[in-house]
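1. need a structure here:
(3 chains)
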Amino acid sequence: MKLSRRHLLKTSAALAAGTVALPYAAMAQDDTILVGGLHDLSGPIDFAGIPMTQILNLAVEEINAAGGLLGKQLQAVTYDPQSNMSLYSQYATQLALKDKVAVVHGGITSASRETIRPIFHRFQTLYFYNTLYEGGVCDRNEISLGTTPAQTVERLVPYVMNLWGKKVYTIAADYNYGQITAAWVKRYVEQNGGEVVATEFFPLDVTQFGSTISKIQGAAPDIVMSVLVGTGHLGFYRQWVGAGMKDKIPMASTTFGASGTEPIIMTPEEGNGIPTCFGYYDTIDSPANKEFLAKVKARYPENTPLLSELSACTWEGMMIRADAVKAAGTIERMPVIEALESGKSYDMPGGKVTIDPITHHAIRDVYIAELSDRVWQIKGKFDQVPPADTQLVCNLKETPDANVHHEISLN
Amino acid sequence: MDYALIVVMEILRAVSLLVLLAGGLAIIFGMMRVINIAHGEFLMLGGYTVIMSVKAGVNLWIAILILAPIVVGIFGIIVERLVIRFLYGRMIDTLLATWGLSLLMIGGVTLIFGNTSEGVSTPLGSITIGAYQVAVYNVVLIAFAVLFLVAAWAVLKYTKAGLIARATMQNPGMAETLGVNSTLVYMATFGIGSALTGLAGGLLAPVTGVVPSMGVNFIGQSFITVITGGASIIAGTLSASATLGSVSQLVTFGAGPVYGDAALLLAALILLRILPQGITGRIFTRSL
Amino acid sequence: MEKPVLRDPGFYVMVATGFAVLFGAPMVFDFFEIMQMTQYVVLSVFALSLAYIWGFGGILSFGQSAFFGLGAYTFAVSAINMGDTTIPLALAFIIPALFGVALGYFMFYGRISDVYLGVVTLVVTLILWKLINHTAGPEYAIGKSRLGGFNGIPSIPIVNSPGDASADLDPVQLFQFFMVVLIVVYVGLRFLIGSDFGRVSVSIRENETRTSLLGYDVRRHKVIVFAIGSGIAGFSGAMWATYQTFIDPNAFSLEMSAKALIWVMAGGVGTLVGPIVGVIGLQYLSLKLGEMELLNNFVILGFILIVLVLALPKGVVPSIRMWALQGWELARQRRSGAPQGKPVASDV
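-> Numbers count the residues shown, from 1 in each chain, chains lettered A, B, ... in the order given. Below is the predicted model of the structure:
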């Protein structure tokens, strides 16, 4: 009996020792600047987290090769939260208070972002969120570089309605991103003189879509708009082709290909010809992107990351923040934030990126592209699209202390 | 009329899928009282066998019908020898061990094959019924569910192996006294259950996205079907699949997929309240 | 057999350890480490809720997270609406406990038992999880608080001193408050288990039929045990919500339920120390794994779980206790040359 208690004491002693002397924690030294990375490297969404971490490391090496920042070398401190929200919160606290990093890039799902964002706000650690999401974060401590629904839906809807017609059937994932995006689809379809005949929501673990496909056949829309998300929903595209619908009713999507894995998992006959809209595709024909692709390929000749908006935004985040540090002449948080709010535009692989000082979201170029035999064919480009949705609810000039995630409601 | 036909067909497909998903689990849980939390990952392994074989140039049907069951069956036997055999009679410990196994398999497959692999399309094309079109592949799913039920029934009822299996499950001690090698029976049962799960995973590959974490989407409904069915493998799996599959599909048609899912769970809950030992614990008690 | 609580030296050692951590930790550890430890304290309370109903009531619940989530959401919604957190904390115990009574009545009076009990709790958890995930739309709001669906509820207030909504506890005070909760729960459960009521629960665990033939109302007894466990789980959910200032449907997930089972199993069923050891050990392990660049953390964690269950089938604490007793016995035999009566372990 005594031993069990002694064991407990030992455990807590070991715990104490462990937290005091972490073998892997990088200590902030005077000649290095620490950059935190918090992405899922194992578990269900590691396909998104691993490329983001690879690009983060590449950016660190790139900046160091160019002489570092303010004469100091960067050093990445990355942890694997294993798709586990309690680990997210622990590592966020650790990065902010123990490692004392200058900036953190990370969080993939909205749940993980809302777990760590308040922590970085509270402990005043600059935070970059590099994933497309539903919009609405209002926090001067956070920079959100990914596209939000208004940026992509506004462009994609008129594009496909011009091609195919006015009756739209929306199928969407039953969570905030899906709900909000579906609402934007409805708004823009109606603004363009069309009609959403039905909107159907699917829990994320639904894998069988037979009944929905029948219902769509019954409704006979001109266009199916897919806002499906996650691995369960991949089955829809497969079953859609299986039912022979591919050539009957065209489909467009604001989510297909978001993480870069769909072009591989889906066969060409399933993936071809679905127009999508994102802020980055690996086939963008610009010198900046070609240079970026060459760097990625040279650094990762094997395990070359699948590039998507997520990893491209991670690169942007690293480079933009480096530029802001140079402009501010310090890594202190507030001067860097003020430098980020200067309204400067950056030439990035995905095109021109400007940080909107009002919302801390990116004003960026967005593209429409569709797959042709696993390769994205760019069909259109729109310059400097503002994050109109977040701008509805957030003004950091008026409320610089805001620390909220607004649900953007169109009703 | 067309629509009614389509609804019936979807219900049949949903029921068949539940039969296939739950069949292997029913054998492992129903006969051996092992809670295999890694069931979803066994399905995933079957799916991966198919997409990897097809990538290597194997015919799709050979991959689904032969390779997937063999690979997952052998894997199951290895797992039984290395882990499960130490845990018979410790149902809750099997839960902890197979939870670990599930994590191990998700991580292992990611390590070996990466987390993004080329999938396979649904074969066989589609047929037109009035204004509707459905995949011919649905018929394959239904056929295999029927085949499984008939085959399992025939084996358990008419073969010596079936008799021995039933005897061992009912009273292992007695069976052993009568000369049955129960170690072998357990190993074979686990292997067969795994092989069937592998087949189900293989059949799923052309209608779903095959990724390391896909198992989580199937584990819940598989377990609920097995438990709602109760002790007997065939009657239980069939009756539970039929009830739950039709309830969820009808509600999905009527009110949408969110409510379809909830209806399935609610139906299971009500059934378990009325028949606390599962459907075959009270009615069809003498069935297989 | 159980020793009376007050005559068990182990009890005092535990409580003393608790108080030592409560007052000592803030002096020894820095701010950040205190925040880390707070998490273990919250999850330990959650693990204790399952350790009690399973280890001392024989009720195997696969759905402990239903109550955890319910408590967390109850706290979040009521605290956002009220501002002050005193009543919400109470509600986070009361509402899950009432739900536990209702579900317990449904199950135990329906004579659902064995693994079917586990499945009913699991299905209820799944339903709650699906429902809460479905509340993304703006129409799902209670007072000022949107339920938020998959994305959860942000900006949950931090516990404040009673009556003064602006006096938030700082992280160290929060840690100390949670330590007090943990000690109270531990002491409370120890006394409960040692009481007549607790003896009846244990006898139900051992032999339900015999207990009922002795004239005890087994069903009512189980409902009460289940409801107490539910209330504690709910309260730990509220602690989690206020610690994170954020809650999402993960609180209702099967993963959360399974983790509770794993902590209790790994630490040892039928003890109260074991689950706490389980929480600290396994959470710390995942934390350390995530800091290293190894193959794949799922592989390593999975492997460790399998080895754990094969090597220590009874859980860490009972295994260590057993080895210790055997070692002691061996030493005594060697010294005296004659076998002695077996020392008896108490349930801690």
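2. Run the chain-centre distance for stretch B:154-162.
-> In terms of C-alpha atoms, centre = their mean, to the nearest Å, the centre of stretch B:154-162 is found 20 Å from the chain centre.
3. cool, stretch B:187-201 as well?
-> Offset of stretch B:187-201 from its chain centre (C-alpha atoms, centre = their mean): 9 Å.
4. Convert the C-alpha atoms of that stretch to PDB, please.
-> Provided in PDB are the C-alpha atoms of stretch B:187-201 (Å, rounded to 0.1, in the frame of the first residue of the first chain):
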ATOM      1  CA  MET B 187      -7.600 -18.600 -33.700                       C
ATOM      2  CA  ALA B 188      -9.600 -19.800 -36.700                       C
ATOM      3  CA  THR B 189     -12.700 -17.800 -35.600                       C
ATOM      4  CA  PHE B 190     -10.700 -14.600 -35.100                       C
ATOM      5  CA  GLY B 191      -9.100 -15.200 -38.500                       C
ATOM      6  CA  ILE B 192     -12.400 -15.800 -40.300                       C
ATOM      7  CA  GLY B 193     -14.000 -12.800 -38.600                       C
ATOM      8  CA  SER B 194     -11.000 -10.700 -39.700                       C
ATOM      9  CA  ALA B 195     -11.100 -12.000 -43.200                       C
ATOM     10  CA  LEU B 196     -14.800 -11.100 -43.500                       C
ATOM     11  CA  THR B 197     -14.000  -7.600 -42.200                       C
ATOM     12  CA  GLY B 198     -11.300  -7.500 -44.800                       C
ATOM     13  CA  LEU B 199     -13.800  -8.400 -47.500                       C
ATOM     14  CA  ALA B 200     -16.100  -5.700 -46.300                       C
ATOM     15  CA  GLY B 201     -13.300  -3.200 -46.400                       C
END
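5. Surely A:T354 forms part of a strand?
-> Yes: according to DSSP: H, G, I helix; E, B strand; the rest coil, the state of A:T354 is that of a strand.
6. How much space separates it from chain B?
-> A:T354 is 32 Å from chain B, where distance means C-beta to the nearest C-beta, to the nearest Å. C-beta here means a position set from N, CA and C on the backbone, and glycine is covered the same way.
7. and stretch A:83-91, what's its mean pLDDT?
-> Throughout stretch A:83-91, pLDDT has a mean value of 82.
8. give the contact list for the residue nearest to C:L287 when sequence neighbours are not counted.
-> Nearest residue to C:L287 in three dimensions, chain neighbours excluded: A:Q90, at 5.9 Å (C-beta to C-beta, 6 or more residues apart in numbering or on different chains). A:Q90 makes contacts with C:36, C:39, C:287, as judged by C-beta atoms under 8 Å, 6 or more residues apart in numbering or on different chains.
9. Likewise for A:D139?
-> Here A:D139 is in contact with A:117, A:121, A:360, A:402-405 (C-beta under 8 Å, 6+ apart).
10. same thing but at 7 Å, please
-> A:117, A:121, A:402-403 (C-beta atoms under 7 Å, 6 or more residues apart in numbering or on different chains).
11. What parts of the stretch 151-288 of chain B come near chain C?
-> Within the stretch 151-288 of chain B, the positions adjacent to chain C are B:220, B:224, B:227, B:258, B:261-262, B:265-266, B:268-269, B:272-273, B:276-277 by C-beta under 7 Å from any C-beta of the partner chain.
12. Need the residues you listed in JSON lines (columns: distance to A:Y281).
-> Formatted as JSON lines, those follow (distance: C-beta to C-beta, whole Å):
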{"residue": "B:G220", "distance to A:Y281": "36"}
{"residue": "B:I224", "distance to A:Y281": "42"}
{"residue": "B:I227", "distance to A:Y281": "47"}
{"residue": "B:V258", "distance to A:Y281": "32"}
{"residue": "B:D261", "distance to A:Y281": "34"}
{"residue": "B:A262", "distance to A:Y281": "38"}
{"residue": "B:L265", "distance to A:Y281": "40"}
{"residue": "B:L266", "distance to A:Y281": "44"}
{"residue": "B:A268", "distance to A:Y281": "44"}
{"residue": "B:L269", "distance to A:Y281": "47"}
{"residue": "B:L272", "distance to A:Y281": "50"}
{"residue": "B:R273", "distance to A:Y281": "53"}
{"residue": "B:P276", "distance to A:Y281": "56"}
{"residue": "B:Q277", "distance to A:Y281": "56"}
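13. Just give me the neighbour total for A:G343.
-> 11 (other C-beta atoms under 10 Å in any protein chain shown).
14. whoops, I mixed them up, C:R335
-> Other residues lying near C:R335 total 9 when counted by other C-beta under 10 Å.
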